[in-house]
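Chemist: Got a predicted structure plus its sequence, pasted below:
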Amino acid sequence: MKLSIKEVAKIIQAEVSGDLSCCIEGVSSFHDATPAQITFASDQRFLNQLSLTKAAAIIVPDSFLYREEDIKNKIIIKSKNPKIDFFKIVNVFHSQDNIKPRIDNSACIGGDINIGIDAIIESNVFIGNQVTIGNHVRLMPGVYVGNGVSIGDHTIIKPNVTIMDKTQIGRNVIIHSGTVVGSDGFGFAQDQNRHEKLIHIGYVVIGDDTEIGACNTIDRGTLGITRIGCGVKTDNQVHIAHNVEIGDNTLLVAQVGIAGSTCIGKNVIIAGKSGITGHITIGDNTIVGPFTGVFSDVPQNQVVSGIPHLPHMKWKRMVSILSKLPEMRKKIFSFEKRLKDIELQNKRLE
Amino acid sequence: MKLSIKEVAKIIQAEVSGDLSCCIEGVSSFHDATPAQITFASDQRFLNQLSLTKAAAIIVPDSFLYREEDIKNKIIIKSKNPKIDFFKIVNVFHSQDNIKPRIDNSACIGGDINIGIDAIIESNVFIGNQVTIGNHVRLMPGVYVGNGVSIGDHTIIKPNVTIMDKTQIGRNVIIHSGTVVGSDGFGFAQDQNRHEKLIHIGYVVIGDDTEIGACNTIDRGTLGITRIGCGVKTDNQVHIAHNVEIGDNTLLVAQVGIAGSTCIGKNVIIAGKSGITGHITIGDNTIVGPFTGVFSDVPQNQVVSGIPHLPHMKWKRMVSILSKLPEMRKKIFSFEKRLKDIELQNKRLE
Amino acid sequence: MKLSIKEVAKIIQAEVSGDLSCCIEGVSSFHDATPAQITFASDQRFLNQLSLTKAAAIIVPDSFLYREEDIKNKIIIKSKNPKIDFFKIVNVFHSQDNIKPRIDNSACIGGDINIGIDAIIESNVFIGNQVTIGNHVRLMPGVYVGNGVSIGDHTIIKPNVTIMDKTQIGRNVIIHSGTVVGSDGFGFAQDQNRHEKLIHIGYVVIGDDTEIGACNTIDRGTLGITRIGCGVKTDNQVHIAHNVEIGDNTLLVAQVGIAGSTCIGKNVIIAGKSGITGHITIGDNTIVGPFTGVFSDVPQNQVVSGIPHLPHMKWKRMVSILSKLPEMRKKIFSFEKRLKDIELQNKRLE
């Protein structure tokens, strides 16, 4: 497959300087690109060393100024968002396999089912009763779909995912392998030293355009709903407990855990390995740093870090002093001695 | 389905004030309940605002005192344990689907097998050789059961769970999806810069009435046994290494990790994201706070927090000072200066 | 099965004192061994109490000196590496089931496939198109293998593992259950408040003799490769993000997470629950302690601990002082008062 620079410029509606008839044959990263490929440079680190990439063409920010001698022989394509535009070209070269709609013979499908047009149900998929599957949905091998589940149009569920009863999944959702949606939450009541299981009758709702990483666990509500908003993206090994709510466009990075009934706002970022306690609220646009333990409410537009969390700048100052604690302690011992000496001396002087 | 208050009172053996002939049609949480439903209020926060729920009937603690005007039109049901009694009613309304015992044609079953009465073996289940399956056991789609495994009566294994060779599972156990029981532990011996794998010949024993969350990993013993007691409950994404022992009725919250050969007592609570190092002992009834790193033995009846762990109250005091470190450091600098001034002055004074 | 001590000595090429014709009937741990079994003792704790094991024979370090009265009736076998030699005998007693090469009827196998000799493809395995499977490979039930994957000789993939497109797996690799290799990384570009998905066209390469634990997630590269070296061992629930590189013989303990594009050297040990930030480098032979957060580069041959990480000894000193913070703060308050008193006094004295 080949694409002329003219075609590239048309796809991403960009301004180009250089030979429009030149053709590229693929896409690659800045350092790995060959002279037949296109790449991109969006941050200063790469822009400062454009001569290092062998790529024929480079997509750069439209604000980028350069001298002709720095880019000789290279085609420079200016874009408002080089990364997004580059991946548009990646999409052209690596368009998804065109898989034909079909229901595999080995799939086990229950009663009272509604399957949309052009759905792909692959081998060994299990579908329970009263399930609604939208148009163009793809269920890959080994997927389990419980009773009463609904899955919106164009959603793809990767191999070996488990979707338990009554889960509602929106349109254009991707759920990666190994993930479990809608299993019972960790809910017990104490009864004479035994932990009595609370039956979970709630369910999970996942909004449109959401992507759930691999090996996530998202528990159904005890009575009500565990709600994942629209445009939410979770990384791998994220745990979301019963009755949690996650606002639209929020990002949960790998190995994050969110305890029961907590409410996370919109456009929040929770960085990797952080843990959020139960029954609290985190406001819109807040950023929780990596490896942070949030033990109480955080208002909107904050940045917090540490276990337990502090405002990020306060945490940074605190951390910078931690390694100086031994020295501070020594100082305190020496002060004790000096103060005693002075006090003795002053007794004499009085 | 409908239930009269008289029937409700009989099920939970409770004292009722109000119209016994009134009927409820379902169960719900305090805030979501409709006028045809029953709910419960067990803590003061909800008891203080009983007028806010629309529920027809509310189960409350039997010690709860109220004025008639606060609860007008509502039926108040007094109970020793409102939460547990409410969930008894939930159970009546949402009794598990009555699935007929059967062995699906697509199940792949080995030789020398013993399957109890009324077992349910669903689609694409794999069962190895020399396996014993108790009465009323349910193996859901995609479950793998290795050679020599035994599973006690009334146990349910959810979809896509993997049970490796020789695992022994008790009665009334629930294992949630994605969990792996009995895989090899992380055991290697150093041999000239290579990590030589140690063959794992031990196995996992899980006691009665235990519930294992989703995406747990419980490793087999290297030589001996990894033992999970009776009544233990683990949340999602819990890791239990080889040769660990977990005492009866202990709770392990989400994303906890327990390293090899560690021994956890009975009635212990290990809160979310905590990590317990290998070859140590944690005594009965001890509570390990969230996001705690336990690096050494903890006796019974303790509460510990922090990385590494401290007695909880000590940790709380420590944490309250952490954010004041910059101020403390400034003080120390100012003391240095003031001490020097005084010492100079005293030299003059002498 | 029985083995004479003479045979044992031959297998591990060891020096033996005692009755060579004596036979053992099995292997066990130091404390669980019966008088018909063999065990080993490699560290001083066990060597000091040899009389406590009931084993007929004990493998000990060849440097170990003992008095005859301490070991009466026991056969002592001296070895350079008692643990490794003991597990050689374990291997003899517990050789893997001899499973016959076969391709199960229920396996779903794509086109343009290359399967080596003596491969074992078990029930409900899915194999995509253009896949190469080496000799003696075993794919256990429920394994998913995507398009374009290659798997080297003697590799075993345990039940319910998911291997996504284009993954390259070396020889003698073991991948434990529930693990997902080659799913899309967490890569998005911001576009007017939406997170635009970046198509992932890279893949995962896993070297020879590597063992991947249960419920791991190893993401494919965005454009390039996520590379796991040879002889690497990962424990359970490890997360490795897109474009990460892991050097040969490195160990990643349970619940470790490594963010995108980070480069880990050879012979590194990253202890349990640690997190490594993205786009950094950790040098060869470095040890990262348990529950550590590494937020910046670490050179080779270091030991680091803490969140954020410090040199291990510095961290230990810091930690030893943490619990003394309340006392230090009190001291500082008392100094303030004493300094004021002195300053007042000196004013008078001047």
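Modeler: Sure, I can see it. The structure displayed is predicted, hence computed values, not measured ones. Numbering: from 1, shown residues only, chains lettered A, B, ... in the order given.
Chemist: lowest-pLDDT helix or strand in chain A?
Modeler: Using mean pLDDT, DSSP states H and E, the weakest-scoring helix or strand in chain A turns out to be strand A:15-17, at a mean of 82.
Chemist: What pairs with the next helix or strand after it, parallel or antiparallel?
Modeler: Next in sequence after strand A:15-17, counting helices and strands by DSSP states H and E, comes strand A:23-24. Paired with strand A:23-24 in the same sheet, following DSSP bridges, are strand A:3-4 (antiparallel).
Chemist: Off-centre distance for the strand it pairs with?
Modeler: 33 Å (CA atoms, centre = their mean, to the nearest Å).
Chemist: average pLDDT across it?
Modeler: For strand A:3-4, the mean per-residue pLDDT is 93.
Chemist: quick one: low-confidence parts of the stretch 51-200 of chain A?
Modeler: A:96-97 (pLDDT under 70).
Chemist: Get me the contact residues on it for chain C.
Modeler: Contact residues, the stretch 51-200 of chain A versus chain C (CB under 8 Å from any CB of the partner chain): A:81, A:83-84, A:87, A:90-91, A:93-94, A:97, A:104, A:106, A:122-124, A:140-142, A:158-160, A:174, A:176-178. For every residue, glycine as well, the C-beta is placed using N, CA and C.
Chemist: near chain B, from those residues?
Modeler: A:S106, A:N124, A:G142, A:N160, A:G178.
Chemist: Out of these, which end up buried?
Modeler: Buried by 16 or more other CB atoms under 10 Å in any protein chain shown: A:S106, A:N124, A:G142, A:N160, A:G178, out of those.
Chemist: In helices, which of these appear?
Modeler: Using DSSP state H, no member of those falls in helices.
Chemist: Take those and lay them out in a markdown table including distance to C:H200.
Modeler: Below are those laid out as a markdown table (distance: CB to CB, whole Å):
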| residue | distance to C:H200 |
| --- | --- |
| A:S106 | 28 |
| A:N124 | 25 |
| A:G142 | 21 |
| A:N160 | 19 |
| A:G178 | 17 |
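Chemist: where along chain A do the helices fall?
Modeler: A:5-12, A:44-47, A:82-93, A:312-322, A:325-349.
Chemist: how about A:Y144, what does it touch?
Modeler: By CB atoms under 8 Å, 6 or more residues apart in numbering or on different chains, the contact list for A:Y144 reads A:V125, A:F126, A:V161, A:T162, A:I163, B:M140, B:P141, B:G142, B:P159, B:N160, B:S177.
Chemist: what about 10 Å?
Modeler: A:Y144 is in contact with A:108, A:124-128, A:157, A:160-164, A:180, B:122-124, B:140-142, B:158-160, B:177, counting by CB atoms under 10 Å, 6 or more residues apart in numbering or on different chains.
Chemist: same question, A:E343
Modeler: C:R338, C:D341, C:I342, C:Q345.
Chemist: per-residue pLDDT, it?
Modeler: 90.
Chemist: How about the residues of the stretch 1-150 of chain A by chain B?
Modeler: A:106-108, A:123-129, A:142-147 (CB under 10 Å from any CB of the partner chain).
Chemist: could you flag which of those residues are buried?
Modeler: By neighbour count, with 16+ other CB under 10 Å, the residues of the stretch 1-150 of chain A next to chain B hold A:106-108, A:123-128, A:142-147 as buried.
Chemist: and those, which two are the farthest apart?
Modeler: Taking CB to CB, the two most distant members of those are A:S123 and A:N147; they sit 21.3 Å apart.
Chemist: quick one on the thing from earlier: quick one: which of the residues of the stretch 1-150 of chain A next to chain B sit in strands?
Modeler: In this view, the residues of the stretch 1-150 of chain A next to chain B that belong to strands under DSSP state E are A:C108, A:F126, A:I127, A:Y144, A:V145.
Chemist: List the beta-bridge partners for the fourth one.
Modeler: Read that as A:Y144. Going by DSSP bridges, A:Y144 forms beta bridges with A:F126, A:T162.
Chemist: Against A:V125, how distant is it?
Modeler: 8 Å (CB to CB, to the nearest Å).
Chemist: repeat for the first one
Modeler: Remark: distance between A:C108 and A:V125 (CB to CB) = 7 Å.
Chemist: do A:Y66 as well
Modeler: Applying CB to CB to A:Y66 and A:V125 gives a distance of 53 Å.
Chemist: And stretch A:10-22, end to end?
Modeler: 14 Å (CA to CA, to the nearest Å).
Chemist: cool, stretch A:46-64 as well?
Modeler: So stretch A:46-64: terminal residues 12 Å apart, CA to CA.
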